[in-house]
Every structure is written in C-alpha cells, then in structure tokens.
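K.L.:
predicted structure and sequence below. I'll ask about it afterward.
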Amino acid sequence: MKIRLMLLASLSLAFVNAQDSTKDYTLQKIEASAERADSAPESWNSEEVKNYTGSRTVISNKQLKQAANQTVDEALQNIPGVQIRDFSGTGVLPKISFRGFGGAGNGHSNTGMILLDGVPVYGGPYSNLELAIFPVTFEAVDRIDVIKGGASVQYGPNTFGGVINIITKDIPNEWQNQISERITFWGKDTGSTFRKNGEPVANNMLYDTYLKTGGMINDHFGIQAEANYVGGQSFRESSDTQVQNYMLKGIYKINAENNIKMYYQYYSYFAKTPGSLSAEDYAIDRFQNRRQDESSDGVAKRFGVTYTNYFGDTDQIGGNFTFTYFNHDMTRNFTVNDRYNTIATGYDKSSSATDNIRRFVVNGVEPKLNMSINSGVLKQNIIAGARFLTEDIYGHGYKTTYATGILEDPKPYVLRNNYTALYLSDEFSFLEGMLSITPGLRYELLNYTKDLTVKATEKTTTTHRLDNQFNPAINIGFKPIKDLILYANYTRSFLPAQTGDIDGTDKNYVTNFQTLEGGGRYAINEMFSMNANYFAIFADNYKIGKFATEPVSAISQGVELEAYYSPIENLTFHAAYTYTNAVIANDKQTKSGVAIKGKELPYVSPHQFVLDGIYTIGKTNFGVSSYFYSSSYTDILNTVDENTALTAGKLPWYWVWNAQVSRTLWKSGRQSIQGSLAMNNIFNMKYYFRGIGVSPAGRQPAPGRSVSVYVSYNF
C-alpha cells in the first residue's frame, strides 16, 4: 500500500488558501504521490487524521449538523482538552480554553490560534488575542479541524494550546441553492410550571435564517454568495441579539496548474450582556437581567486572495507555491456601566457608562513553498516561507456621565505594529514511511510603536519596542504496523505582548511556552480509531490577570483519550476523556502576600468527559451528544466555599445532554427538504460561571433547556 508522507503540524503557516475551505494546505500533509494534497480532512477516518503525528480531532459536517449543536462553541465542547464557558447561548462571544490555560483574567480565548479558513479571526493576531468579535455563524460552517500538538512552527504565536481551523462551505461543482430557518425556543427558570414571580411561562425565541447560492459557472469560473441573519432573544431576559454575516467567494481556474481564489466577508453583531447575578437573584430566577444598559457590538470586514501554482510530480520532485494576501478591518465595543465590577442587585440607573472601542486594521502577505523530493530511499517534504503582517490598532474609552451629559476620552491610543516571520522545516521519511523526523524553526521579529495621548494636556507620547522570538520544533512519527502510529513532538511557542502591556519599557511581557506531547493512534479502516496521549506545557512569565502581582511560571500536564467506533455503517460512537493538572510552579505571592506555589490555575476543570453518537435508519438520523466538566476553582488561593463578594468559590460540576432527530422530508431530483428537531440541555442542568468579560464577581448563568426546530430547502 502506498505510504503517505505527513506534513507535520510543526512545518508551515496557516495563512494559505484561506479563501477556499476545502483547498486548505495548512492543516494537512503533502502526499508523496501523483495525488495533490488539496483537501482538509473531513472526518475522524480521513487518512490525514489517521496518520497525523500528534493529537488531532475533526468535527465532521455530519457530526456538526446532526448531533444537536446550536453554535460553533457548542460543537467545540466535543473536543478533548478544549473547555468552553458558554454564557451567551448564541456563539457571539465564545470563551475557549486549551489544556489548562485561558480561563484566567477576562477569559477572552487567548490561548489557542483560532482560524477561519486558515486566517486568524482575532482583531489583532499578535497584540490583541481575544474574541471580542467572532466573525463566524454556525450555518456557514462545514466542519472544524482541531490540532493540539506540534503546531508552533506552522501557525506562529499563541499555538501552545492548540489550533482550531473553522472551515466554511466550499463552492460546489454544480450550482446549488439553499434556504434554511432555525428557531430556538429558550425555556425560563426551572423547577415549576410557573415562574416564581407569578408570571406565566414564556419563551424567548432566537431566529437563524440562512441563504446560499453558488457553483461553477463554467470550467474556469466559480462564485458563491451566502447571507446569514441571527436575531431575537437568548436565554436571559432582555438579551436582544442581532447578527448579520455575508460572505462572497470566487475562484478562477486558469489551467490545471494555476488558480486564483478570493473571499470577502462582512459581519456585524449586537448583543445585550446581562452579566452576573448575586446568589439571591440567581436562586430566584437565574435568567433575569440586572444590567439592561450593558451591551457589546462589532463590525468585521475581511478580504483575502491567493494565487496557487502546482509544479512537478510529488512522486519525484514537485509541490506547490502560493502567495496570499489577507486583510481585515474590525471594530468592536463593550458598553459597561460604573457598576460592572460589582454584583448588580437592582435596576437603578448607573451614574455613568463607558464605551470601550477598539478598531483593528490588519494587512498580511505570505509567500510559501511546499516541495516534495523522493529519492527512493529517502523522501523529504520541505516547507519554506515568510510572512509580513501589520496591525494598526486604535483604542478609545468614551465615558458618558448621565447627570452632566459630559463625554470624555481620557487616554486614546494608537498602535502601529508590524511583524516579520521566516520559517523552514524539512520532513525526512525513512523505511518506506515507517519512520519520519521533522525538525523546524520559526523566527519572528516583533516591532511595536505606541502613541498615547493624554486629553487633559493634549500631549502625545510615542514609545517603541523590539522583540525577537525563535521557535524550534521537532516531530517524530513511527509506524511499526499498518494501523498503528506512535508519535512524539516538542514545540516552543509564545504569547506576545498585548495592547495593555505595550509601553516601550524594558520589562518583558512575552510569555514563553514549551509543549511536549507523546502518544499513539490505532485505526482500523473506517470501523475504529483510538488516540491516547500525554501532554505537558511549561509556561514562563505567564500572566493570570488579577490573581498574582507578577507573571508566574506554570505547568499544565495531563492525559487525553479519544475513540471512535462504527460497528455498522449507519452507527458511530465517539467518546473522550481528559485529565488536566495545571498548577503554579514557582514561588510567587498574591497581592496580599500569600504563597501560591502548587495552587491550581483558576477555571480549569481537571476532568472532562465527552460522549456522542449518530444512528441512521433510512432517511432519519438520531443524534445524541453530552459533555461533563468537573468542578473548578475561581481564584488562585483555591477557595472552596463561595465568599460574600462572590469573587471566589468553586464552580459546580455539570453534565449536559443534547439530542436531535433529523430527516429528509421530501426529495425530487436536485430538490430536497430537510428538517430536524433538537433539544439542548435536556435535563435543564443548572450551573454557572464567574469572571467572564466585564463580570469579575457574581454568578453568570449557563443556558438552560431549549428546543430548536430547523427546516432547509435545497435546490
């Protein structure tokens, strides 16, 4: 059997072919055969996943659409090692943690590289790593590819926890149209037929409308347009939500060796942010809103184009060259009142409100060469490339005092940063693919410039700062028998200085991470696959927000187990378990002088369990999914009992179950109507979070039970 060569995740950058989800060279290998490796993996039994030398999970289109997922972050809860704190229920502001990191501070998903068709979705891919605007809607997504080991050389900074590539729908060969509607009915408080304040039960309703048309016009040109509108209410009172997502894709196939692809996206959202509750209010009605004047909103305009040239024969010497340009202009705003740092206990008007506005203008170019050399005894995959990226960031904090009507912007700032990356890696494959060794090195030059203006004096201060980062990596794969691959990898990654820390001083705000991973995957055809691995992440100079006076050293280590089993063609089970132990490793103290060495990092559930399955009978599909997270601490002192200020105390464990039935209701030629009925959080599990965004104290409730009805007409 032909042995395929892996392009390990530590080899190249992820900004290639971003405009076309199924033509993505960034999350997959180059094959040493006449076949071109131009499709990202589609499911757990894809060859790219079976032979990957590291931890990797793919949420297939079937799993995504038939296992009772409402949002992208709902689907990501099926990934071992990934933890989601879903406080919105709509997916507009996901809070994502990887392997023990990312829960502290405001929880803005800053510990993993998150991509949309290979391009970062962060406003500032280097200096503002947070998902304050998340330009993704569930209906536009085709599948999700998640790599958690060996990705630093390939994807740049912030990869120590993992890489999530969200892949949107591709341009089909034949023209296709789709119209769909999903309505979600949110239940009110739990425990009785009537609400405790005496009002009858009523349901908040969230609408999700999706339109798509596109395909190949002829042998050379193709185009696709999509429009997605989400509007209505989430599960909290006064939780108005409006999302608009428009995407346009195009492809020009010049000939068999050359093509040009492009995309343009316009995304906007507005969402009320009810925030946290006191323990008393949570007990009365956990879905009420005590902060009706707080909200968030944003606009993202994204564009990219890639030229690709294929050359040679990858059975001998061949590969591809790509040149990519990408751009985005994003603006986001958090509107908070002067009580955001406390627990709201009434509807009284606050004395002031602040609009925290940030604008991000990013431009990036990247040439990249993938070349395979086969000399018979030795096979090589050489990856070489460069990236130049600029970030212009504009920050304002407009404060409005209600009594006087005065509007002020005390300290506006402008960041003008640029980043240069060079990378090279070489995969050596011996013994007909039985052994592969892949060394790689990535160099980053970070150039910061900050203009800070003090309104009172109208004086602007400009500061500069330079930083250099060398990120080596090595991946080793060994395949003693056909169905078994053993792997080990080491990568070095970093978390760059963020907007609040870029001040031109000599203090080093860069966090360095070293990640070790070792394990194996056993796969038998399309019937069974099991992955088991051990990981260890060593963090130096790690900032954990309010929990310590200075950055700390931390270690997160654990075990991940994941298995797929398909005993018959129409039945698939998926189960996973993760154990994570993330602790402070050095002698540090809190602001009050208490030693914290050995304490667990906040917001990390040591135990995670996932179980889901899909069964098909004729035209009907039955899907079930569930996820369990154990209790976690919310402060660095590991306080067990909730204090009176509700700033500390263990969070409850929770186990959520979802179910869905879907069916083809009618089909005639190319026309069809599909429908589904789903229930999420079937048992109405009652649990809450703390410390998310602008709610550092109090209880921030998670979504309760909901029912979703979905109908799609395809023609």
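P.N.:
All right, it came through fine.
K.L.:
is the most centrally placed residue in the chain in a bridge, and if so with what?
P.N.:
By Cα atoms, centre = their mean, the chain has its centre lying nearest to I114, at 4.3 Å. Counting by DSSP bridges, I114 is bridged to I164.
K.L.:
my read: it touches G102, true?
P.N.:
No. Contact between I114 and G102 fails when scored by Cβ atoms under 8 Å: they sit 11.1 Å apart. Yep, even glycine has a C-beta here, placed from its N, CA and C like the rest.
K.L.:
anything in contact with each of these two?
P.N.:
I96 (Cβ atoms under 8 Å, 6 or more residues apart in numbering).
K.L.:
doesn't G103 belong to a strand?
P.N.:
No. Read with DSSP: H, G, I helix; E, B strand; the rest coil, G103 is coil and lies in no strand.
K.L.:
mind listing what's buried along stretch 478-493?
P.N.:
F478, K479, I485, Y487, A488, N489, Y490, T491, R492, S493 (16 or more other Cβ atoms under 10 Å).
K.L.:
export these to a markdown table and tack on distance to V305 and pLDDT?
P.N.:
Shown next, in a markdown table, are those (distance: Cβ to Cβ, whole Å; pLDDT from 0 to 100):
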| residue | distance to V305 | pLDDT |
| --- | --- | --- |
| F478 | 40 | 96 |
| K479 | 38 | 95 |
| I485 | 36 | 95 |
| Y487 | 35 | 96 |
| A488 | 38 | 96 |
| N489 | 33 | 95 |
| Y490 | 35 | 95 |
| T491 | 30 | 93 |
| R492 | 32 | 93 |
| S493 | 28 | 92 |
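K.L.:
quick one: secondary structure of N245?
P.N.:
Put simply, N245 is strand when judged by three-state DSSP.
K.L.:
need the contact list for it.
P.N.:
Counting by Cβ under 8 Å, 6+ apart, N245 has contacts P135, V136, T137, A140, E226, A227, N228, Y229, V230, Q265, Y266, Y267.
K.L.:
quick check: the residue nearest to the centre of the chain vs D73, distance?
P.N.:
Applying Cβ to Cβ, to the nearest Å, the value for I114 to D73 is 11 Å.
K.L.:
and what of A523?
P.N.:
For A523, the distance to D73 (Cβ to Cβ) stands at 28 Å.
K.L.:
and the two? Which one has more around it.
P.N.:
D73 (26 against 21; other Cβ atoms under 10 Å).
K.L.:
pull the number of nearby residues for E526.
P.N.:
Using other Cβ under 10 Å, E526 is surrounded by 15 other residues.
K.L.:
likewise for Y627?
P.N.:
Using other Cβ under 10 Å: Y627 sits among 22 other residues.
K.L.:
from what I see, it and H607 are in contact.
P.N.:
No. Counting by Cβ under 8 Å, Y627 stays clear of H607, with 11.3 Å between them.
K.L.:
flag the shaky bits of the stretch 51-200 of the chain, pLDDT-wise.
P.N.:
Applying pLDDT under 70 to the stretch 51-200 of the chain picks out residues 104-109, 189-200.
K.L.:
repeat that for the stretch 301-450 of the chain.
P.N.:
For the stretch 301-450 of the chain, applying pLDDT under 70 flags the ranges 339-342, 344-350, 405-407, 410.
K.L.:
can we see that at 80?
P.N.:
Along the stretch 301-450 of the chain, segments meeting pLDDT under 80 span 314, 337-353, 399-411.
K.L.:
SS state for the most far-flung residue of the chain relative to its centre?
P.N.:
Residue farthest from the centre of the chain, counting by Cα atoms, centre = their mean, is T404 at 42.1 Å. Using three-state DSSP, the structure places T404 in coil.
K.L.:
list the helices and strands the strand or helix carrying G520 packs on?
P.N.:
G520 belongs to strand 511-524 when elements are defined using DSSP states H and E. Packing partners of strand 511-524 (3 or more Cβ pairs under 8 Å, 6 or more residues apart in numbering; DSSP states H and E): strand 484-495, strand 528-542.
K.L.:
tell me the angle the shortest one makes with strand 511-524.
P.N.:
Calculated by axes from the mean of the first three to the mean of the last three Cα atoms, to 10 degrees, strand 484-495 forms an angle of 160 degrees with strand 511-524.
K.L.:
list the pairing partners of strand 484-495 within its sheet, with orientation.
P.N.:
Per DSSP bridges, strand 484-495 is paired in its sheet with strand 459-481 (antiparallel), strand 511-524 (antiparallel).
K.L.:
hmm, back to that, which ones among the contacts of N245 map onto strands?
P.N.:
In this view, the contacts of N245 that belong to strands under DSSP state E are E226, A227, N228, Y229, V230, Q265, Y266, Y267.
K.L.:
and those residues, which is closest to V362?
P.N.:
Nearest to V362 out of the ones in strands among the contacts of N245 is Q265 (Cβ to Cβ; 13.5 Å).
K.L.:
what is the particular helix or strand that has Y307 in it packed up against?
P.N.:
For Y307, the host element (DSSP H and E) is strand 295-312. Applying 3+ Cβ pairs under 8 Å, 6+ apart, one finds that strand 295-312 contacts strand 258-272, strand 317-337.
K.L.:
need those in TSV (columns: mean neighbour count and distance to T616).
P.N.:
Shown next, in TSV, are the helices and strands packed on strand 295-312 (neighbours: other Cβ atoms under 10 Å; distance: least, Cβ to Cβ, whole Å):
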stretch	mean neighbour count	distance to T616
strand 258-272	20	33
strand 317-337	20	37
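K.L.:
which of the ones you listed sits closest to G669?
P.N.:
Here strand 258-272 is closest among the helices and strands packed on strand 295-312 (Cβ to Cβ), at 30.0 Å.
K.L.:
buried residues in the helix or strand following the closest one?
P.N.:
Next helix or strand after strand 258-272 toward the C-terminus (DSSP H and E): helix 279-284. Applying a neighbour-count criterion of 16+ other Cβ under 10 Å, one finds D281, Y282 buried in helix 279-284.
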